[in-house]
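*Asks:* Have a look at this prediction, sequence included:
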Amino acid sequence: MSAVRPLRRGPLRQTQLYDLHLARGAKMVPFAGFDMPLQYSDLSHVESHKWTREKASLFDVSHMVQHELSGPGAIELLMKVTPSSLDKLGHNQSTLSCLLEEGTGGIIDDTVITRRTDETFYFVTNAGRRDEDLAFLEAEISAYKQAHGADSIKWTILEDRALVALQGPLAAEVLQSYVHGSGPETDLSTLYFGNCRELYLTLPDGSRTPHPLLISRTGYTGEDGFEISIPTAGSPSLPAQVTELLLTNADQVRLAGLAARDSLRLEAGMCLYGHDISTAQTPPGASLGWVVGKDRRDPATANFNGASAILPQLASPAKTLSQRRVGFTVEKGSPAREGAVIVDINDESRTPVGIITSGLPSPTLGGTNIAMGYVKQGLHKKGTEVGILVRNKLRKATVTSMPWVESKFYRGKA
Amino acid sequence: MSAIARSVRPFASRVLSQKLPLAAACRVSPATAFPRGSVRNFSQSPFMELKKYTESHEWIELAADGKTAKVGITEYAAHSLGDVVFVELPEVDAEVSAGEPVGAVESVKSASDVNSPVSGKVINVNSILEDKAKFINESPEGDAWIAEIEVKDASELDNLLDAKAYKETLGDE
């Protein structure tokens, strides 16, 4: 229980909302090189989690790395470093994808990529992978430029942008009330999950925001919601102004921190890089085979990094994959957490057959212990009973399909 | 599996699954304690303090008989943990050593061992906590004690922190 005193490598960075966090009673912790809010004084972790599922929460995710890649070579480069069918995306459509290591197809990072125009892409990567991602992209882009000319690609890291996520069933109603103007594009009911739009918000004095905000209908909680990219050029206080605006009605929207973010994303079955996925897994190895575009699976034409390792895994997983990422529901008692060893329940010698990579008692499910992890091929089927060792005690667990809490993405009416 | 275990974990993201071992904090070394003997027996001391603390945020309170003691976690610890969702209690009759786990408390985001401040034998556990873990948040230093221990050597309490010294350890947190 002693407060964690982390090793600090250099000073922590602050997001544009740092002062606002302190003013709102945030408990700050080091995360991915930033001093970030874990939770706020008005709500406990569990209360904040439930608030997000019932109302709406605002998360500062400005630590994440926002990129813009443009030019005639942008799509070719992105379709080499990811296995996604980016050429099938319409303008302002996005997809979850993975940056893949050349040769191995190991996941360097997960990312959401948005096609803004034919030749312009916006994508967001993890703060915790900043150094690795930038070195990887730098090398790939400079190789591409060598072959295709210096003007073939322009890569910009959007350092001056903030990013906030508004998540929860009230998110659309709240955001709609601040959208500026009256054209059809201002109607959020036509902005579906996985799409984005540039919109102005109306500030309290009636004026519109000095910049349009890039509003993407997406999130990391399983709820309906938006990620809002906020430019700061000439208006450094815009992120704080927008945040204060969205927090106007404290009965609807509250700030939420990393603690709630982690329990919400786990209930939604979403991976946390560095825990549930790493360079040691390919997308199929991490049960993320669906990120590989359907039309990119022909070995004769597939040209993305690691295709030769990944395509056989997609074609015959039982033969090529030694372990699978699955969900578990664990019996009442101690939660199984990251690092807990999975054993065959019928094996008295307790030979390890897997490992838990994330786990906690689910606030939405009344404290039911849920966990994600890797288990030996063959023991991965839904309903399989396994044992998990928690402080040397055997806990019974069952392989369960994910998510545990149904996602409520806004896909419009069919 | 080993591949996963080996994988680089960006330090910062570990915050989300932080394990907070009570044992991690430095303890007062018993070697520095004043040797106790029959001359100044702990239980006879008119000035003895019945309730002591550890730097790792456990408390122990010696009963009037000088032989048994209740053990729990401090207000500070309960507050830091947030909503406690599960308390692992020890087995009755279990032998415990000072600094070794006598139970565990879990919040949604973390698990923490509760270490026994002294050596002894568990004679009773607070079974209310089995069904109502959150009781720890309500009364951590009162009715939500975790275990009752038959203390092997009451003089071990002399090595622990008094209320004032414990409070001072919290100054920088």
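*Replies:* That came in fine, so what should we check first?
*Asks:* and stretch B:94-112, how far out from the chain's middle?
*Replies:* In terms of CA atoms, centre = their mean, to the nearest Å, the centre of stretch B:94-112 is found 8 Å from the chain centre.
*Asks:* Okay, domains of chain A per the record?
*Replies:* For chain A, the TED database gives the domain ranges A:7-318, A:322-413.
*Asks:* ok, the nearest residue to A:Gln167 once chain neighbours are set aside - contacts?
*Replies:* Excluding its sequence neighbours, the residue lying closest to A:Gln167 (CB to CB, 6 or more residues apart in numbering or on different chains) is A:Gly225, at 3.5 Å. C-beta here means a position set from N, CA and C on the backbone, and glycine is covered the same way. By CB atoms under 8 Å, 6 or more residues apart in numbering or on different chains, the contact set of A:Gly225 is A:56, A:165-168, A:171, A:217-219.
*Asks:* Closest to chain B out of these?
*Replies:* Among these, A:Ala165 lies closest to chain B (CB to the nearest CB), at 16.1 Å.
*Asks:* List phi and psi for the closest one.
*Replies:* phi -120, psi 130 (degrees, to the nearest 10).
*Asks:* does it really touch A:Ile228, like I thought?
*Replies:* Yes - when contacts are counted by CB atoms under 8 Å, A:Ala165 is listed as touching A:Ile228 (7.5 Å).
*Asks:* What residues are bridge-paired with the spatially closest residue to B:Lys134 that is not a sequence neighbour?
*Replies:* In space, and not counting its chain neighbours, B:Lys134 is closest to B:Val84: 5.9 Å by CB to CB, 6+ apart. Judged by DSSP bridges, the bridge partners of B:Val84 are B:Ser107.
*Asks:* tell me the contacts of B:Val84?
*Replies:* Applying CB under 8 Å, 6+ apart, we find B:Val84 in contact with B:78, B:105-107, B:133-134, B:136-137.
*Asks:* for the stretch 51-200 of chain A, what spans make up the strands?
*Replies:* For the stretch 51-200 of chain A, the strands defined by DSSP state E, counting those that start in this stretch cover A:56-60, A:65-70, A:93-100, A:107-117, A:120-125, A:154-157, A:162-167, A:196-199.
*Asks:* residue nearest the centroid of chain B?
*Replies:* Nearest residue to the geometric centre of chain B (CA atoms, centre = their mean): B:Glu58, 2.9 Å.
*Asks:* Who are the contact partners of B:Val122?
*Replies:* Applying CB under 8 Å, 6+ apart, we find B:Val122 in contact with B:90-96, B:102, B:147-150.
*Asks:* shaky segments in chain B?
*Replies:* For chain B, the stretches flagged by pLDDT under 70 are B:1-49, B:172-173.
*Asks:* which residue is nearest the centroid of chain A?
*Replies:* A:Tyr220 (5.3 Å).
*Asks:* got the contact list for the closest residue to A:Leu201 other than its chain neighbours?
*Replies:* Leaving aside its sequence neighbours, A:Leu201 sits nearest to A:Tyr178 (CB to CB, 6+ apart; 4.5 Å). Residues in contact with A:Tyr178 (CB under 8 Å, 6+ apart) are A:201-202, A:245-246.
*Asks:* A:Thr400: which of those is nearest?
*Replies:* Among those, A:Leu246 lies closest to A:Thr400 (CB to CB), at 34.7 Å.
*Asks:* so who does that closest one touch?
*Replies:* By CB under 8 Å, 6+ apart, the contact set of A:Leu246 is A:58, A:164, A:166, A:174-175, A:178, A:253.
*Asks:* 7 Å instead, please
*Replies:* A:58, A:166, A:174, A:253 (CB atoms under 7 Å, 6 or more residues apart in numbering or on different chains).
*Asks:* And the third one, how close does it get to chain B?
*Replies:* A:Val174 is 26 Å from chain B, where distance means CB to the nearest CB, to the nearest Å.
*Asks:* How about the first one?
*Replies:* Counting by CB to the nearest CB, the gap from A:Leu58 to chain B is 19 Å.
*Asks:* do the last one as well
*Replies:* When CB to the nearest CB is applied, the distance between A:Val253 and chain B equals 21 Å.
*Asks:* Ignoring the adjacent residues along the chain, who's closest to that residue?
*Replies:* According to CB to CB, 6+ apart, the nearest residue to A:Val253 is A:Ala56 (4.7 Å).
*Asks:* Quick check, the one you found in contact with A:Ala165.
*Replies:* No - look at A:Ala56 against A:Ala165 with CB atoms under 7 Å: they stay out of range, at 10.2 Å.
*Asks:* Among these two, which residue is more densely surrounded?
*Replies:* A:Ala56 (28 against 23; other CB atoms under 10 Å in any protein chain shown).
*Asks:* count of residues packed around the residue in the stretch 251-400 of chain A positioned nearest to chain B?
*Replies:* Using CB to the nearest CB, A:Ser278 is the residue of the stretch 251-400 of chain A that sits closest to chain B, at 3.5 Å. Using other CB under 10 Å, A:Ser278 has 23 other residues around it.
*Asks:* From A:Thr125, how far off is it?
*Replies:* To A:Thr125, A:Ser278 is 15 Å away according to CB to CB, to the nearest Å.
*Asks:* And A:Ser48, by the same measure?
*Replies:* Using CB to CB, A:Ser48 is found at 26 Å from A:Thr125.
*Asks:* pLDDT (mean, whole number) over stretch A:199-219?
*Replies:* Averaged across stretch A:199-219, pLDDT comes to 97.
*Asks:* Name the residues that touch that stretch?
*Replies:* Counting by CB under 7 Å, 6+ apart, A:94, A:112, A:114, A:122, A:165, A:167, A:178-181, A:186, A:191-198, A:225-231, A:234-235, A:238, A:241-242, A:245, A:410 sit against stretch A:199-219.
*Asks:* List the buried residues in that stretch.
*Replies:* By neighbour count on 16 or more other CB atoms under 10 Å in any protein chain shown, the buried set for stretch A:199-219 is A:199-201, A:203, A:209, A:211-219.
*Asks:* Equivalent analysis for stretch B:74-87, please.
*Replies:* B:74, B:76-78, B:80-87.
*Asks:* One more: stretch A:303-316?
*Replies:* A:304-307, A:309-311, A:313-314.
*Asks:* Tell me where chain B has strands.
*Replies:* In chain B, the segments counted as strands under DSSP state E are B:51-53, B:58-62, B:68-73, B:84-88, B:95-96, B:101-107, B:111-115, B:120-125, B:147-151.
*Asks:* the inter-axis angle of the last one versus strand B:68-73?
*Replies:* With axes from the mean of the first three to the mean of the last three CA atoms, to 10 degrees as the basis, strand B:147-151 and strand B:68-73 are set at 140 degrees to each other.
*Asks:* now the longest one
*Replies:* Interaxial angle of strand B:101-107 relative to strand B:68-73 (the same axes, to 10 degrees): 30 degrees.
*Asks:* same for strand B:101-107, what does it pack against?
*Replies:* strand B:84-88, strand B:111-115 (3 or more CB pairs under 7 Å, 6 or more residues apart in numbering or on different chains; DSSP states H and E).
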